[in-house]
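> next come a sequence and a model predicted from it.
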Number of protein chains: 6
Amino acid sequence: MTSNMQKYLDKAQVLIEALPYIQRFNRKIIVVKYGGSAMVDESLKRRVIEDVTLLKLCGFKPIIVHGGGKEISKWVGKVGKEAEFINGLRVTDAETMEIAEMVLGRVNKSLVQLVESLGVRAIGISGKDGNLLQVEKKLSDGQDIGFVGDVKKVNAEILYDLLEKDFLPIICPVGMDEEYNTYNINADDAACAIARAMKVEKLAFLTDIEGVYKDPKDPSTLISELEIKEAKELITDGYIGGGMLPKLQNCIDAIESGVSRVHILDGRIPHCLLLEIFTNKGIGTAILNQKESRYYDGEQ
Amino acid sequence: MTSNMQKYLDKAQVLIEALPYIQRFNRKIIVVKYGGSAMVDESLKRRVIEDVTLLKLCGFKPIIVHGGGKEISKWVGKVGKEAEFINGLRVTDAETMEIAEMVLGRVNKSLVQLVESLGVRAIGISGKDGNLLQVEKKLSDGQDIGFVGDVKKVNAEILYDLLEKDFLPIICPVGMDEEYNTYNINADDAACAIARAMKVEKLAFLTDIEGVYKDPKDPSTLISELEIKEAKELITDGYIGGGMLPKLQNCIDAIESGVSRVHILDGRIPHCLLLEIFTNKGIGTAILNQKESRYYDGEQ
Amino acid sequence: MTSNMQKYLDKAQVLIEALPYIQRFNRKIIVVKYGGSAMVDESLKRRVIEDVTLLKLCGFKPIIVHGGGKEISKWVGKVGKEAEFINGLRVTDAETMEIAEMVLGRVNKSLVQLVESLGVRAIGISGKDGNLLQVEKKLSDGQDIGFVGDVKKVNAEILYDLLEKDFLPIICPVGMDEEYNTYNINADDAACAIARAMKVEKLAFLTDIEGVYKDPKDPSTLISELEIKEAKELITDGYIGGGMLPKLQNCIDAIESGVSRVHILDGRIPHCLLLEIFTNKGIGTAILNQKESRYYDGEQ
Amino acid sequence: MTSNMQKYLDKAQVLIEALPYIQRFNRKIIVVKYGGSAMVDESLKRRVIEDVTLLKLCGFKPIIVHGGGKEISKWVGKVGKEAEFINGLRVTDAETMEIAEMVLGRVNKSLVQLVESLGVRAIGISGKDGNLLQVEKKLSDGQDIGFVGDVKKVNAEILYDLLEKDFLPIICPVGMDEEYNTYNINADDAACAIARAMKVEKLAFLTDIEGVYKDPKDPSTLISELEIKEAKELITDGYIGGGMLPKLQNCIDAIESGVSRVHILDGRIPHCLLLEIFTNKGIGTAILNQKESRYYDGEQ
Amino acid sequence: MTSNMQKYLDKAQVLIEALPYIQRFNRKIIVVKYGGSAMVDESLKRRVIEDVTLLKLCGFKPIIVHGGGKEISKWVGKVGKEAEFINGLRVTDAETMEIAEMVLGRVNKSLVQLVESLGVRAIGISGKDGNLLQVEKKLSDGQDIGFVGDVKKVNAEILYDLLEKDFLPIICPVGMDEEYNTYNINADDAACAIARAMKVEKLAFLTDIEGVYKDPKDPSTLISELEIKEAKELITDGYIGGGMLPKLQNCIDAIESGVSRVHILDGRIPHCLLLEIFTNKGIGTAILNQKESRYYDGEQ
Amino acid sequence: MTSNMQKYLDKAQVLIEALPYIQRFNRKIIVVKYGGSAMVDESLKRRVIEDVTLLKLCGFKPIIVHGGGKEISKWVGKVGKEAEFINGLRVTDAETMEIAEMVLGRVNKSLVQLVESLGVRAIGISGKDGNLLQVEKKLSDGQDIGFVGDVKKVNAEILYDLLEKDFLPIICPVGMDEEYNTYNINADDAACAIARAMKVEKLAFLTDIEGVYKDPKDPSTLISELEIKEAKELITDGYIGGGMLPKLQNCIDAIESGVSRVHILDGRIPHCLLLEIFTNKGIGTAILNQKESRYYDGEQ
């Protein structure tokens, strides 16, 4: 057998190894929170979209929720406004909201574009479409920070309808309150709210960190699997801080609402999503209900 | 009977008079090209959206196609760029396209917002979603004017799927070419292409003129009904000029592709759409195949 | 603006005001008990049918249940029989039943005819078709009054099937007992039984009175909204008598079986049905569970 | 084996012999024109309805079209009117039409009753329901004979919808013209029109004669199978007269419109329908396109 | 009336008598365990298949489960192996299993062939197809008897899917364990497991005995109807022995799992199935929950 | 990046490269004729089944048609019969047919078993089920060779129904003639007949040769792509002989009946099917209509 032939057989082998993973997630809904470096770096961006597109073609039902933080700041600057933050939350006056919605809308369509170029049917919507995300004003320590909202209700039927029509939904985190005013929503929160409302199989956060550490200063303490009981202890014991705290809280909420498994993935690794789902290479940290429930071994 | 009661009875009478019109268009698709003053004036805007929403609730299947011209210019200005036009067509370099897409996206969602506030399920998409509008570069007298596209193919299945799921589709005229580059499309052209691809019952252009005149300088020559044969003669004989020429050409193309009736409506009249459809008050100019085919008298 | 134009705009305004009402009842089932003057006066008859037809076209799912009392007496007379009543209930021997069924059948088809002439698909059935209304013999104070039946079971699936096929069902109150004998049923009872079995949104009785009075002798004591608790008190306290007593009892039963709202409407007012449903003009008396549940103001 | 057991085995044998017939007509539509003695004699009536009900339960899709001639005359008499006929057609003034509709309606429901008592879902409609039978005034040799109509159009969709919902439709021959006036229709004509519109498998006329004779005076000339070519010759040659002439013409029209086979059955024979369909006992006369097409022997 | 005609009328009468039975079981699932003499005698075989085919065409949903005992022994012999039994169970080594699967497969297809020749759509599957029957190794008094399995789980969805597509499923009792090894299953057990999983209307065992006897030595003690309470007493009191014991236990389990009625039929009587279902001739023993629940008299 | 990580990224890359191939064949039907060494060698067998299973999970609709030649001979021998061949066709007397059907049935179920063990829903049928393959006796140069049949008609609806219910159909080449006698069918012929009847996207023959050679004695003359025009010339010019002749004729027939592409693959190469479909490594010979129609470049 020529070495060329061997190369092809190796390829076939890789495909065959994907079999059990494809089976397991067949027709399951997976919410991907897409953000961080993976959204800025064009090469990583393409990798993520390739991953999600492959999932779709293999019978999964992925839903993308994306942010657009850096791009918003850029355009706020372009029109001569200064970005203002309180407790890490962007103060969002009416003009900023207007810009944010424009920018997020365009980011949204650029992802649609990429998915479509790979031959898969995408539809880019915001939380306004079909009133998908109903919000209420979020206060930051009691302070009004403008049009920033917390998701109060998810109109999940919209997404079921789009999935039934074989669309890959791509969602930007903008929603409306009861008076139909526009609000910006934290993309992590939006992804989590959707995952909870649909009790999805998997919720994956693409982030710019490797995962959850026992000791953030010591890379060797990366935790690959975390029961929610342990996660709560880590929080109580003060090990978790910074941006990780709300993210981990989201993970806990998701699991407690019926999501089977949440992943904090390092979006800087190309194809991190595919690797997590299609191989036994653990990427980042998996949050789950109980370690016994691991579906890697002998499930269903 | 008190005068108060009489008032209510008059109202009932108006509703009852709508019966035959509701019957006629039940489950028929109507494409509304929404633009001009009716998009700028907040009060007119609300009237148009109320009209379309009522059509939806009464069993019609309306589709809105909108532009966003003035708003685009405003934002191009905000970032310090100068708008450039050749033969009335906006020269659209990459940055202008980027701004146009952002602005159109936001206009799109603001219409969604308005429809949703009236209790109807809307979905705002561009021609990129599901690759709805496939375009090719448009040349203006052989001159490259940037990312301006002509619709080459309409992927109408997307719209049938959304209508089946009871959405009111709101479409902004942005599309992609074969290499998945983004292009701006004239909203009239986009509306016409969609109407033709779906052979819709009715295509209505909301404009800032009263309709087609035999003699544009003489308001008394407004034509209320125009067979396409006559329309072609008007063009040949040089009576039609300016922005009306391409619009009328669109009307003729639509009728010849199987659209039953095209309307050029004066969008400055509140509820012009409702009046045209639900009353025997002729608004603007109707373009049709043959006058004999008037469905006002004894149809079906 | 010409006064002519103003007239049209006023019409548009009336249509637009119907929007929230159309939304609220979209796809909801409404049972209309049709009887009294509104069945005798040809002009009122047409008004009622126009109303119901409009409801159908606007997405409601109306069901008509009608009686035919005066017409039956007329035909009983024509063949030289004398009508006999015990406690207000027609004594129905075999021959009377035969005539009643013939007359009700014809009334039924005349309503079908009227609805069809307005362009809506009607189907006229009796409680025999598909065994819709299963009855048992009704005794009047222990006395046998012949083929008069009480509804024992409603085979509602028949109606769901016909509604699914987009028919407007028109039902005459004749049913069968377990041995498949024919019985006459009081139309109010039939309407109420159907409304209860389907837990419909609304049950409306078209009557020849203005509504329920606190004091029947004093028109100023007309009650526009009545909780079932209050209705029961009125009955206990002896305020309610005559034909209103069983009707009110029917209303109470309907509400307690899950019907959202029951109306006693004055069928002598043209378009009373439309006015009740499409305007904020309260017509007659509404019986409901709790006043707080009024859906007129702003909810869901 | 006891003789009792033998009796049961013989029964089983009869059921088994029905197998090929059940197969052949599975899911096929069969229109039965029900009239004559079989409608008057209570025992024959029950036999016919048992037959049709059995066909329904065995997977056929029967549709009954019935008349009511003698009963109409009886009631016309009861109210003191005299029946008038021109060329064998009842002169139908408005009052006669009213009575006819009442009587036919009751006959209709009595058939529903019988079918329901046998456990099958029946629905009794007239040609008014869903505008099933659209008619125009019939003239008799140029003479106006009142509200007697010829079927102009059959709205067959109504029947397909009812069959889909598993109803056995029972139709009385009353229809409306374009102005929605009520007309009486000859039941043979109505049955034939429906059979033609639906291109049914079989159309069977229950009559009071044995079938078509070569020589009506000689019972031994009964024709058991008649090609339409031969049928036309019989007519041309003057062999066919009286009531048989329009009936045979109906048969020829039906075959030419795509009905596979038409039967003129002797309704005075109990279970004639069942015998014709489930056994190789030829009853009456079969009219067909070509004798070669006989499906009795072994094909597909 | 000729005696010939009388013969036909008698036939019609038999068909009509089947009406209430056809109604009762319309769209109900009936599992037939087919075995014993009825499988060996070609004439009886044809009778059984005719019966089941007729049931299918009359709207029932029969499922056949068959064995193949004698045929297996024949082929085991042909290849020079000796059949070995422990406690009446065939010791099934790998080679025997291989032969058994081959033989059962062919028996299966020969039944398909017979059903197809009668014009009904059959599909022959084993418990391996769609993993219909999941088994675990059966021990006989703790002794390993090879590839003999107990049904652990029935994947009933497979059968619902095939019934929906109008197939008559014919099942041979072979299944797989968790490691996808092949096992032989007792056909009675397989039939019972399927009947229980689908909570079918009826489960009928075709056997070579007349039914259950109070005293097996006294034919006059044949029990025609047996409540499960009584059946349990018979077992406790030691009246039941031999092959009847597991069969009766299966019957009890089936009733307790929701099967309405189980029959032990004498498969040596031609058309025993048809006689049991279509006549009031009681064949064999019926096991049921409570005698009051007899559906022979007039309910539902 | 560790070399371990690189290995995973390489794997991801392989999966991503499959994207365009998955897209292209999404929901397309592919018939695989499975035979030769790939059926005998357990390792190759597993590879083939893995390939087909992966195709199924990736959204393709594969159908397997298999033979069983060597296994049949083995069992014919076991029972002491001698296999007889005329012109390469097995002379199939009744007993041989019986053995062949048993053996093919068991091979069939062993493939079902393998597919099920990989988590995909399989159903093993023969051409008897649902009368899928209707045959007529094949003569070999006018000589009767027993129960060997040519496919006369494919009842493809059976397969569409099974595919709709998400089964992977596995078919053994046995069918029935008009008298419902059993016949053996050449597996190549059966696969080809099914592919033609369903106008499938792809028909692949797994064989024991590398492909079609210009000069069978010179391996360097392997043809990787062959237009049917060229294939016909090769036959006319006498280049093709032996078993390749009927196979190539089958390929030509398939293409001319509307199959898009036929492949003669070397089943001795592990995962040859996957390599052909998922990579640009050409395996064996592709027969197609016109080289221009190559869908590898710029299709759709």
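Yep, it's here.

> so where's the stretch 151-300 of chain A shaky on pLDDT?
A:291-300 (pLDDT under 70).

> give me the residue from it nearest chain F.
Residue of the stretch 151-300 of chain A nearest chain F, by CB to the nearest CB: A:His271 (3.6 Å). (Each C-beta comes from the backbone N, C-alpha and C, glycine too.)

> please name the residues that touch that residue.
Residues near A:His271 by CB atoms under 8 Å, 6 or more residues apart in numbering or on different chains: A:47, A:50-51, F:9, F:12-13, F:16.

> and if we set it to 7 Å?
A:47, A:51, F:9, F:12 (CB atoms under 7 Å, 6 or more residues apart in numbering or on different chains).

> tell me what angle the longest helix anywhere in chain A forms with helix B:94-117.
Counting residues, the longest helix found in chain A (DSSP state H) is helix A:94-117. Helix A:94-117 and helix B:94-117 are oriented at 100 degrees to each other (axes from the mean of the first three to the mean of the last three CA atoms, to 10 degrees).

> elements contacting the very next helix or strand once past helix A:94-117?
Using DSSP states H and E, the helix or strand that follows helix A:94-117 in sequence is strand A:122-126. Helices and strands touching strand A:122-126, by 3 or more CB pairs under 7 Å, 6 or more residues apart in numbering or on different chains; DSSP states H and E, are helix A:94-117, strand A:168-172.

> past strand A:122-126, which element shows up next along the chain?
strand A:133-140.

> list the buried residues for that following strand?
Burial within strand A:133-140, assessed by neighbour count using 16 or more other CB atoms under 10 Å in any protein chain shown, is assigned to A:133-135, A:138.

> closest to D:Glu101 among these?
Distance to D:Glu101, by CB to CB, is smallest for A:Gln134 among the buried residues of strand A:133-140, at 55.3 Å.

> how about the residues of the stretch 51-200 of chain A that lie near chain F?
A:53-54, A:57-59, A:118-119 (CB under 7 Å from any CB of the partner chain).

> who touches the residue of the stretch 201-300 of chain A found nearest chain C in this structure?
Closest residue of the stretch 201-300 of chain A to chain C, CB to the nearest CB: A:Ser257 (23.4 Å). Shown in contact with A:Ser257 (CB under 7 Å, 6+ apart): A:196, A:199.

> and with 10 Å instead?
A:Ser257 makes contacts with A:192-193, A:195-200, as judged by CB atoms under 10 Å, 6 or more residues apart in numbering or on different chains.

> may I see the PyMOL selection of the buried members of those?
Provided next is the PyMOL selection string for whichever of the contacts of A:Ser257 are buried by 16+ other CB under 10 Å:
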select buried, chain A and resi 192+193+195+196+197+198+200
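
> just the contacts of A:Ser257 now: which is nearest E:Tyr213?
Distance to E:Tyr213, by CB to CB, is smallest for A:Lys199 among the contacts of A:Ser257, at 56.2 Å.

> so the closest one sits right up against A:Ser260, yeah?
Yes. Assessed by CB atoms under 10 Å, A:Lys199 is found in contact with A:Ser260 at 8.4 Å.

> quickly list what's touching both of the two.
By CB under 10 Å, 6+ apart, the residues touching both A:Lys199 and A:Ser260 are A:Ala254.

> and A:Asp218, how far from chain E?
43 Å (CB to the nearest CB, to the nearest Å).

> need phi/psi at that residue.
For A:Asp218, the backbone dihedrals (degrees, to the nearest 10) come out as phi -120, psi 100.

> just A:Arg121 next, same as before
phi -80, psi 110.

> and the residue most central in space within chain A, which of the three is it?
Central residue of chain A (CA atoms, centre = their mean): A:Lys33, 1.0 Å from the mean position. Assigned with DSSP: H, G, I helix; E, B strand; the rest coil, A:Lys33 falls in the strand class.

> and it, how far is that from chain D?
A:Lys33 is 46 Å from chain D, by CB to the nearest CB.

> what sits against A:Ile209?
By CB under 10 Å, 6+ apart, the neighbours of A:Ile209 are A:36, A:216, A:222, A:242-244, A:247, A:264-268, A:284-285.

> let's verify it: helix, strand, or coil?
At A:Ile209 the chain is in coil, as set by three-state DSSP.

> so the one residue in the stretch 151-300 of chain A that gets nearest to chain C is in which element?
Going by CB to the nearest CB, chain C is nearest to A:Glu178 of the stretch 151-300 of chain A, at 9.8 Å. In the assignment (DSSP H and E), A:Glu178 maps to no helix and no strand.

> same question, A:Ile30
strand A:29-34.

> so which residues make contact with the next helix or strand along the chain from that strand?
The first helix or strand that comes after strand A:29-34 along the chain, using DSSP H and E, is helix A:37-40. Helix A:37-40 is contacted by residues A:44-49, A:66-71, A:107, A:110-111, A:187, A:206-208, A:265-270, A:272-273 when judged by CB under 10 Å, 6+ apart.

> picking that back up, can you redo the helices and strands packed on strand A:122-126 as JSON lines with distance to D:Gly149 and mean neighbour count?
Listed next are the helices and strands packed on strand A:122-126 as JSON lines, based on distance: least, CB to CB, whole Å; neighbours: other CB atoms under 10 Å in any protein chain shown:
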{"stretch": "helix A:94-117", "distance to D:Gly149": "59", "mean neighbour count": "23"}
{"stretch": "strand A:168-172", "distance to D:Gly149": "56", "mean neighbour count": "28"}
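
> domain map for chain A?
A:25-199, A:208-299 (the TED database).

> those: which one's closest to F:Glu84?
Among the domains of chain A, the nearest to F:Glu84 by CB to CB is domain A:25-199 (48.2 Å).

> that closest one: end-to-end distance?
14 Å (CA to CA, to the nearest Å).

> same question for stretch A:135-153.
Stretch A:135-153: ends 7 Å apart by CA to CA.

> buried ones in the strand ranked longest in chain A?
Longest strand in chain A, counting residues (DSSP state E): strand A:143-154. For strand A:143-154, the neighbour count (16+ other CB under 10 Å) marks A:145-151, A:154 as buried.

> is that strand in proximity to chain C?
No. Strand A:143-154 lies out of reach of chain C by CB under 10 Å from any CB of the partner chain, never closer than 11.5 Å.

> my guess is A:Met198 contacts A:Leu132. True?
No. If you go by CB under 10 Å, A:Met198 and A:Leu132 don't touch, sitting 11.5 Å apart.

> shaky segments in the stretch 1-150 of chain A?
Using pLDDT under 70, the stretch 1-150 of chain A drops low at A:1-2.

> give me that answer again for 90
The model of the stretch 1-150 of chain A has pLDDT under 90 over residues A:1-18, A:23-26, A:36-38, A:40, A:68-71, A:73-74, A:76-91, A:139-143.

> just say helix, strand or coil for whichever residue of it sits closest to chain E.
In the stretch 1-150 of chain A, the residue that lies nearest chain E is A:Gln23 (13.2 Å; CB to the nearest CB). Look at A:Gln23: counting by three-state DSSP, its state is helix.

> so how far is chain F from it?
A:Gln23 is 4 Å from chain F, by CB to the nearest CB.

> and for A:Lys81?
Applying CB to the nearest CB to A:Lys81 and chain F gives a distance of 40 Å.

> one more: A:Val115?
Counting by CB to the nearest CB, the gap from A:Val115 to chain F is 11 Å.

> that residue contacts A:Thr53, correct?
Yes. In this structure A:Val115 lies within contact range of A:Thr53 using CB under 10 Å: 5.8 Å.

> quick check: phi and psi on the nearest residue to A:Tyr34 once chain neighbours are set aside?
Nearest non-adjacent residue to A:Tyr34, counting by CB to CB, 6 or more residues apart in numbering or on different chains: A:His66, 4.5 Å away. Backbone torsions of A:His66, given as degrees, to the nearest 10, read phi -130, psi 160.
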